[in-house]
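Trainee: Let me see the structure of the following:
(2 chains)
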Amino acid sequence: MMQEEVNEATSVLSVYGHTIKVTEVLQDGDTLTFIIVSQKLSGTGEYHVDRTYEDFEWLQQHLYAQEDVPGLQGVIFPPLPVRPQVNASAKVMKQLGFLGLGEWQPYCKALETFLRQVAAHSILRKNKTVEVFLTSTDPPGRQKLRRNIFNRLSQAVEGLWKEGHKDVDEFFHTERDHNLVLTGHTRTAAEKFLDVVLTEQKIAVACGHFAAALHICVENGEDPEKKAFSRVCVKLSEVFDSIKKNMTSIAVNDMNTLGLGLDLDSRYLEAEKEMLFRRTCKLVELENARKNAERAKPVKKNAMEEVKKAAEGEFEQICKVAKQEIVQLNQEHVEMLQKNLIQWCEQQLQTAKEGADAYNQHLQAFIAMA
Amino acid sequence: MFTHSSFDEVEEEEGGDSFDIHLSVSDPEKIGDGMNAYMAYKVTTKTSMCLFKQRDFSVKRRFSDFLGLHSKLASKYLHIGYIVPPAPEKSIVGMTKVKVGKEDQSSNEFVEKRRSALERYLMRTVKHPILLKDPDVLQFLESSELPRAVNTQALSSAGILRMVNKAADAVNKMTIKMNESDAWFEEKQQHFENLDIQLKKLHASVESLVCHRKELSVNTAQFAKSAAMLGNSEDHTALSRALSQLAEVEEKIDQLHQDQANADLYLFSELLGDYVRLISAVKGVFDQRMKTWQKWQDSQMLLQKKREAEAKLQFTNKPDKLQQAKDEIKELEGKVQQGERDFEQISKTIRKEVSRFEKERVKDFKMIIVKYLESLVQTQQQLIKYWEAFLPEAKAIS
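Mentor: Predicted coordinates:
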């Protein structure tokens, strides 16, 4: 992430975007509350606020519904994770994927990433609601906005057939195809990786059970053979505790690096897909406006020309923004995946070394046990 | 039929060879076709002991031969208190797959498991100082032709369990409950009951672990495939290459997981399974002692009755019958004395056997654990190599 320049006249954000942290999550019955901390630009300290998922949705809705922002529909909106659920059903757990693991730690990380991406986005950060969200002690208003250009329901009704609509621009044509392929593969990779992590956790649990069961075999008594066998059982139990620790570590490494990375990638590709769809819808609108202007009777001609010109202008703006967004996304995609792969590899390497040391110690101890 | 006294002398002559035998069961070979097919195994013995005619020799044996050996040993030694190592279990499902020629991973695993189990069975048998010297054992190891063993249902582990349960029923029907004056036996019996339960729990626990490891292997392989597909669809060359490398690393790790699962399986799971069966044999021996005691008691009761009858006969004028009664009493007195001796001997033997069992148990477990730890260390070191090789690829992306 680039360091943000602070001297833009239009900027209203008073915190350093890259310092935003979701430090805690509090659970009260079925409600989850997230604590968000960010450093003041003025250097005089921090903002601490508490927000629920509804507050995040409020922020997102406001960002979608901004008026007088040229080319807004070309923005790839940072994706918000799905709604969390305490004691989640199997269906919700599947939707959450990696974000549903580990006592909400990955989920907090995902929310944190969302906020940082919003605060770093040159268009979105200017919206007042971002400032309010991050700094206001009172929870932001939670009324739903009526007018929402991104109402998914209406999009679905409008016609998914538009998704396949032929493009006029080579760049976008390629990008749409590429996005389609990449989205599918990324989602599959994320799902398969999640399966790996879940199995690793199962193994850790099984090792714990075995270690516990061994303790039951320990016998009291002076008999030298009994003592010898008890010692063996205790030592073996320690070995399996080590194995459990190692497995748990492997799973955590997987989760925090590549797991979260694939998850974010997957959601960003969906966000890009949505943006491309909006542009395609606009393209259809533009083509209709052109047709109408051509066929219009002299009485209506001027009005139709106005509509056509407006549509052309909007479409041009959207394409301009979209191109920038796509270039940036592709660059960040590579950077992020690289960072995750390096971190993943380094952490697993560290864990493997620790494991080798631990097992070697146990081995020497057993050999020494005459 | 052996009696007890014959073995005291055998055991005392410790001046013989020190134990030096290495056995292996190898080269499983399918003989024949269809439902009459069977697996033949090569049994190789390498030894310096003068008990054997040669130093290095091998024979071909089939599974029923092993069962036959066990059957013979059990019939000779169980009733006098020797813990005869149980033979591996029969498996109709496993063998059928082999017979119909199914060449997949599960049937290969089955054959390997069986080969390993037969080897462990033989080693346990020859480690027993008395059993090693048995002519049937020597014949099994040395003779090129072996008469085909029939009726091998006799003493599989399931068979022993049936025997134990029958004996337990007999104990309940006993007219006189055995007054366990020997606290050692009472305590040991309880101990083995507990051990039985604990081992079964451990065994179940390990089986679950093995299952999950296999699952991990499958999932890792699937992830590797999906990573490869992702790599193929990426435009960015270095990223694409890194993802392909990732897929390869994951495939290698998958292989490691499989190897680790095998270690879990062949080392621990099989060890625990062996000991669950051994405990059945131990329990069987304790019950034989009960039977011996019962026999002794029955003789005593019969003697008592005969004495009473003889006393009555004193007052009748039937000299023939009286003499017969006196003869019978003399015979029974001998039986009672023998019964008491048998009981004392079997108790003595069992004490020795249990002590031997407990020593062997510690050795067995230690050996397996050391092997297991060695495999763990090796796996980790391999993992380290893979990660170290992948790191530069990840760093080279941009």
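
Trainee: Every contact and neighbour count from this point should use C-alpha atoms.
Mentor: Fine.

Trainee: which bits of the stretch 151-300 of chain A sit near chain B?
Mentor: Neighbours of chain B within the stretch 151-300 of chain A, by C-alpha under 8 Å from any C-alpha of the partner chain: A:178, A:181-182, A:185-186, A:188-189, A:192-193, A:195-196, A:199-200, A:202-203, A:206-207, A:209-210, A:213-214, A:216-217, A:225-226, A:228-229, A:232, A:236.

Trainee: Buried residues of stretch A:112-131, list them for me.
Mentor: For stretch A:112-131, burial by neighbour count (16 or more other C-alpha atoms under 10 Å in any protein chain shown) applies to A:112-121, A:123-127, A:129-131.

Trainee: actually stretch B:48-67, sorry about that
Mentor: B:48, B:52, B:57-67.

Trainee: Which stretches in the chain count as strands?
Mentor: Defaulting to chain A. Counting by DSSP state E, chain A has strands at residues A:21-28, A:31-39, A:46-51.

Trainee: sorry, should have said chain B
Mentor: Using DSSP E, strands in chain B cover B:21-31, B:38-47, B:56-62.

Trainee: Tell me which of these sits nearest to chain A.
Mentor: Evaluated over the strands of chain B, closeness to chain A peaks at strand B:21-31, with 21.7 Å, by C-alpha to the nearest C-alpha.

Trainee: now the angle from that closest one to strand B:56-62?
Mentor: 40 degrees (axes from the mean of the first three to the mean of the last three C-alpha atoms, to 10 degrees).

Trainee: Give me the contact list for strand B:21-31.
Mentor: Applying C-alpha atoms under 8 Å, 6 or more residues apart in numbering or on different chains, the contact partners of strand B:21-31 are B:37-49, B:111, B:115-116, B:118-119, B:122-123.

Trainee: who does that strand pair up with?
Mentor: strand B:38-47 (antiparallel) (DSSP bridges).

Trainee: Show which residues not belonging to the partner strand make contact with it.
Mentor: Identification of contacts with strand B:38-47 by C-alpha under 8 Å, 6+ apart yields B:20-32, B:54-63, B:99, B:115, B:141.

Trainee: Please work out the average pLDDT along that strand.
Mentor: Looking at strand B:38-47 alone, the average pLDDT works out to 91.

Trainee: With distance to residue B:224 added, can I get the strands of chain B in CSV?
Mentor: Formatted as CSV, the strands of chain B follow (distance: least, C-alpha to C-alpha, whole Å):
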stretch, distance to residue B:224
strand B:21-31, 34
strand B:38-47, 37
strand B:56-62, 42
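
Trainee: which ones are touching the closest residue to residue A:204 other than its chain neighbours?
Mentor: Distances taken as C-alpha to C-alpha, 6 or more residues apart in numbering or on different chains place residue A:244 nearest to residue A:204, at 4.5 Å, with adjacent residues excluded. By C-alpha under 8 Å, 6+ apart, residue A:244 lies in contact with A:203, A:204, A:205, A:207, A:208.

Trainee: How about the third one: what's its closest non-neighbour residue?
Mentor: To tie it back to what came earlier, the one meant is residue A:205. Residue A:205 sits nearest to residue A:244 (C-alpha to C-alpha, 6+ apart), 7.1 Å away.

Trainee: In contact with residue 271, which residues?
Mentor: In the absence of a named chain, this looks at chain A. Counting by C-alpha under 8 Å, 6+ apart, residue A:271 touches A:76, A:77, A:78, A:79.

Trainee: meant chain B, my bad for not saying
Mentor: Going by C-alpha under 8 Å, 6+ apart, residue B:271 touches B:365, B:368.

Trainee: Per-residue pLDDT of it, please?
Mentor: So residue B:271 comes in at 90 (pLDDT).

Trainee: Looking at the strands of chain B, which is nearest to residue B:244?
Mentor: strand B:21-31 (39.1 Å; C-alpha to C-alpha).

Trainee: Please enumerate the helices of the stretch 101-250 of chain A.
Mentor: A:105-120, A:128-135, A:152-158, A:170-216, A:224-254 (DSSP state H, counting those that start in this stretch).

Trainee: How many residues are close by the residue nearest to residue A:27 when sequence neighbours are not counted?
Mentor: Using C-alpha to C-alpha, 6+ apart and skipping the chain neighbours, the partner closest in space to residue A:27 is residue A:33 (6.5 Å). Residues near residue A:33, counting by other C-alpha atoms under 10 Å in any protein chain shown, number 17.

Trainee: ok, residue A:33 to chain B distance?
Mentor: 34 Å (C-alpha to the nearest C-alpha, to the nearest Å).

Trainee: What is the neighbour count of residue 279?
Mentor: With no chain named, the answer covers chain A. 22.

Trainee: wrong one, I was asking about chain B
Mentor: Using other C-alpha under 10 Å, residue B:279 is surrounded by 21 other residues.

Trainee: And it, how close does it get to chain A?
Mentor: Taking C-alpha to the nearest C-alpha, one finds residue B:279 at 14 Å from chain A.

Trainee: Who are the contact partners of that residue?
Mentor: B:192, B:195, B:196.

Trainee: In the chain, what helix or strand scores lowest on average pLDDT?
Mentor: Using chain A here. helix A:152-158 (a mean of 48; mean pLDDT, DSSP states H and E).

Trainee: wrong one, I was asking about chain B
Mentor: helix B:5-12 (a mean of 45).

Trainee: can you tell me how far residue B:196 sits from chain A?
Mentor: Residue B:196 sits at a distance of 10 Å from chain A (criterion: C-alpha to the nearest C-alpha).

Trainee: hang on, the earlier thing: so what's the predicted local confidence for the residue nearest to residue A:204?
Mentor: Residue A:244 is assigned a predicted lDDT (pLDDT) of 95.

Trainee: Check what contacts stretch A:298-309 and list those residues.
Mentor: A:286, A:289, A:290, A:292, A:293, A:296.

Trainee: 6 Å instead?
Mentor: Stretch A:298-309 has contacts (C-alpha atoms under 6 Å, 6 or more residues apart in numbering or on different chains) with A:289, A:290, A:293.

Trainee: In contact with residue 251, which residues are there?
Mentor: Since you didn't name a chain, this refers to chain A. A:197, A:200.

Trainee: meant chain B, my bad for not saying
Mentor: Residues near residue B:251 by C-alpha under 6 Å, 6+ apart: B:221, B:224.

Trainee: Equivalent analysis for the one 3 residues further on, please.
Mentor: Contact analysis of residue B:254 by C-alpha under 6 Å, 6+ apart lists B:217, B:220, B:221.

Trainee: count of neighbours near the last one?
Mentor: Yep, that's residue B:221 we're talking about. Residues near residue B:221, counting by other C-alpha under 10 Å: 22.

Trainee: Now residue 272: closest residue in space that isn't a chain neighbour?
Mentor: No chain specified, so I'll use chain A. Take residue A:272 and drop its neighbours on the chain: the residue closest to it by C-alpha to C-alpha, 6+ apart is residue A:76, 5.4 Å away.

Trainee: meant chain B, my bad for not saying
Mentor: residue B:203 (5.6 Å).

Trainee: and that neighbour, how many residues sit next to it?
Mentor: So residue B:203, with other C-alpha under 10 Å, has 23 neighbours.

Trainee: gap between the spatially most central residue of chain A and chain B?
Mentor: Nearest to the geometric centre of chain A sits residue A:264, at 3.7 Å (C-alpha atoms, centre = their mean). Look at residue A:264 and chain B: by C-alpha to the nearest C-alpha, they are 15 Å apart.

Trainee: Quick one: residues contacting residue B:248.
Mentor: Counting by C-alpha under 6 Å, 6+ apart, there are no residues that residue B:248 touches.

Trainee: give me that answer again for 7 Å
Mentor: Residues near residue B:248 by C-alpha atoms under 7 Å, 6 or more residues apart in numbering or on different chains: residue B:224.

Trainee: ok, back up a step: quick check: PyMOL command selecting the buried ones in the contacts of residue A:244.
Mentor: In PyMOL syntax, the buried subset of these is picked out as below (16+ other C-alpha under 10 Å):
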select buried, chain A and resi 203+204+205+207+208
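
Trainee: in chain A, what spans have low per-residue confidence?
Mentor: Along chain A, the model assigns pLDDT under 70 to residues A:1-11, A:141-161, A:370.
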